[in-house]
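Enquirer: could you work out the structure for the sequence below:
(one chain, ligands or ions: 2)
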Amino acid sequence: MTLHQNFIAGSWVDAGEAAENINPSDTGDVVGRYARASREQAEQAIAAARAAFPAWSRSGIQQRHDILKKVSDEIVARKDELGRLLAREEGKTLPEATGEVLRAAQIFDFFSGETLRLSGEKLPSTRPGIDVELTREPVGVIGIITPWNFPIAIPAWKIAPALAYGNTVVFKPADLVPGSAWALADIIVRAGVPEGVFNLVMGRGSVVGDTLLNSPGVDAITFTGSVGTGKKVAAACVEHMRKFQLEMGGKNPLVVLDDADLDVAVDVAVNGAFFSTGQRCTASSRLVVTEGIHDRFVAAVGERLKALVVDDAVKPGTHVGPVVDQSQLDQDMSYIDIGKQEGARLAFGGDLLKRDTPGFYLQPALFTETTAGMRINREEIFGPVASVMRVKNYDEALAAANDTVFGLSSGICTTSLKHASHFKRNAEAGMVMVNLPTAGVDYHVPFGGRKGSSFGPREQGRYAAEFFTTVKTAYTLP
Ligand SMILES: NC(=O)C1=CN([C@@H]2O[C@H](COP(=O)(O)OP(=O)(O)OC[C@H]3O[C@@H](n4cnc5c(N)ncnc54)[C@H](OP(=O)(O)O)[C@@H]3O)[C@@H](O)[C@H]2O)C=CC1
Ligand SMILES: O=C(O)CCC(=O)C(=O)O
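Expert: Ligands and ions are numbered 1, 2, ... in the order given. As a prediction, this is how the structure comes out:
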């Protein structure tokens, strides 16, 4: 089987080690073989990115625009093939995977446009006769570390702005899903990035990731992944006095009020909690439901869950694909046990399922009669497991929604303008959804959270400039 190589300093290079990329819908299906970079190779990539930075940071905006646009166009042209690759390696369904691929294309398209909209400010000085100018400059070498659950969209929303604003890149994708990352890298390379501007270093977090964290050659790190790794990134970046941006976990609440449209609430809850196998940091893992609608809501969600088809990610008609791997499945099963031991009622699902192919199939699980202190309501599970918490009224619901160390996304289903408006103002989250799932966001507006979910400037949209550029204030006495 062909070895997919790393791309360092303008060349595709082998590595001593390689890993097999396994399809979670069919563990007999090897998606491909992918190189695992050594520490030395990661250092070479960083050195190449440093060497390329001066010229790239001064490159013309037309050149950057054209490269990013070309990347977007090729992704669109190959959306079906790339969607299939993503579904095979990560396990989200084909429509979800193709949607993610298109989103990556839209992100590259958006940032190709942003290269033409770079602007500064000219201001009067408090001292007569002096001009003050504010300009944005690229930061330097950006280390990009990404998780497995969005194998092309998250890399896209970090790589596209990094390149658009004139930075050079060392990209380390998740070891579990290198396929989409490699395909994206191949497209970027063929779009014509100059040598050293973009480097792909697939490999282990403990090797490649750790090298990025500890190398003085990296000027900034943008990271998405678990809280535990995020803390390591933060500590290393403080040590090196460099810029960093963290997107981490969530324990996102969806509040359902008595006055909600029941059909809307059920759609929103099932989509937010279980689609993409619940493997989204924006997943609605806590369903906070007022008592007047509670029983009808639970019954209707149960009916909807019965109708969900859990099967091979690429099979037509599948609603929920497999869990990504054995270790995540073990984690999901262990939380299902914890929930039972804590006294929650497993109202639906939670069983391992057998399908035509050997895969990590888990029936979506719904707990009811849960309380705020239970671990299943406090810790991120990152699988198709959600819990319902019964509350008396809106005030209790809001308090329960905010009772978490996380603050990524928060949702409410209601027909009351008063409650919707109050919730939008008072939810302690970076993103608030009214009658919409907590997951599934636009690509042209800021993405990110508060509290333990995120650190640093927002990602995506024009706000990406806050992280990927640094402001210079220039004073001139003409
Ligand atoms: N807020 C957000 O936007 C999102 C948050 N997440 C969160 O990510 C988690 C799941 O992703 P997962 O990939 O398991 O998270 P991890 O934190 O384990 O991994 C994320 C990335 O960090 C790398 N890494 C691991 N250890 C180190 C290290 N010591 N130094 C540097 N890099 C390292 C990983 O490499 P390797 O591949 O070798 O493990 C991977 O590329 C969930 O908790 C989820 O909530 C996920 C998506 C979005
Ligand atoms: O909600 C989304 O569309 C994607 C957000 C994300 O990165 C995640 O949920 O892991």
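Enquirer: could you tell me how many residues sit around the residue of the stretch 251-400 of the chain found nearest ligand 2?
Expert: Among all residues of the stretch 251-400 of the chain, R280 sits closest to ligand 2, at 3.1 Å; criterion: C-beta to the nearest ligand atom. Using the backbone N, CA and C atoms, a C-beta is placed for each residue, glycine as well. Residues near R280, counting by other C-beta atoms under 10 Å, number 24.
Enquirer: from memory it sits against N149, does it?
Expert: Yes: contact criterion C-beta atoms under 8 Å: R280 and N149 qualify, at 6.4 Å.
Enquirer: coming back round to it: in a strand, that's where the residue of the stretch 251-400 of the chain closest to ligand 2 is, yeah?
Expert: No: R280 is assigned coil when assessed by DSSP: H, G, I helix; E, B strand; the rest coil, not a strand.
Enquirer: residue contacts, the nearest residue to it once chain neighbours are set aside?
Expert: Nearest non-adjacent residue to R280, counting by C-beta to C-beta, 6 or more residues apart in numbering: A439, 4.5 Å away. Counting by C-beta atoms under 8 Å, 6 or more residues apart in numbering, A439 makes contact with 252, 271-272, 275-276, 280, 282-284, 409.
Enquirer: what does A183 give?
Expert: 82, 85, 152.
Enquirer: my read is it is in a strand, agree?
Expert: No: A183 is assigned helix when assessed by three-state DSSP, not a strand.
Enquirer: okay, now L257: neighbour count?
Expert: Counted with other C-beta under 10 Å, L257 comes out at 23.
Enquirer: near ligand 2, which residues of the chain?
Expert: Contact residues (C-beta under 6 Å from any ligand atom) of the chain with ligand 2: 149-150, 154, 280-282, 439-441.
Enquirer: type out the PyMOL command that picks the buried ones from the residues you listed.
Expert: Burial among those is assessed by 16 or more other C-beta atoms under 10 Å; the matching PyMOL selection reads:
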select buried, resi 149+150+154+280+281+282+439+440+441
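Enquirer: and which of the residues of the chain next to ligand 2 is nearest to Q245?
Expert: Relative to Q245, the closest of the residues of the chain next to ligand 2 is I154; by C-beta to C-beta it sits at 12.2 Å.
Enquirer: could you give the number of residues near E40?
Expert: That count, for E40 with other C-beta under 10 Å as the rule, works out to 11.
Enquirer: oh sorry, the question was meant for P478
Expert: 5.
Enquirer: measure it to T98 for me?
Expert: P478 sits 56 Å away from T98, going by C-beta to C-beta, to the nearest Å.
Enquirer: shaky segments in the stretch 351-478 of the chain?
Expert: Scanning the stretch 351-478 of the chain for pLDDT under 70 picks out no residues.
Enquirer: where do the strands of it begin and end?
Expert: Using DSSP state E, counting those that start in this stretch, the strands of the stretch 351-478 of the chain run over residues 365-368, 385-391, 409-413, 431-434, 454-455, 469-476.
Enquirer: quick one: which of the ones you listed is nearest ligand 1?
Expert: The nearest among those, by C-beta to the nearest ligand atom, is strand 454-455 at 6.3 Å.
Enquirer: which helix or which strand is home to the residue sitting nearest the centre point of the chain?
Expert: With distances taken as C-alpha atoms, centre = their mean, the residue of the chain nearest its centroid is I154 (4.9 Å). Using DSSP states H and E, the element containing I154 is helix 153-164.
Enquirer: and that helix, what other elements does it pack with?
Expert: helix 61-77, helix 94-115, strand 141-145, strand 168-172, helix 178-190, strand 220-224, helix 464-468 (3 or more C-beta pairs under 8 Å, 6 or more residues apart in numbering; DSSP states H and E).
Enquirer: now the fifth one: buried residues?
Expert: Residues of helix 178-190 classed as buried by neighbour count (16+ other C-beta under 10 Å): 178-185, 187-189.
Enquirer: domains of the protein?
Expert: Using automatic domain parsing, the domain parsing of the chain gives 3-248+453-476, 253-434.
Enquirer: of all those, which one is nearest V445?
Expert: Judging the domains of the chain by C-beta to C-beta, what sits closest to V445 is domain 3-248+453-476, at 4.6 Å.
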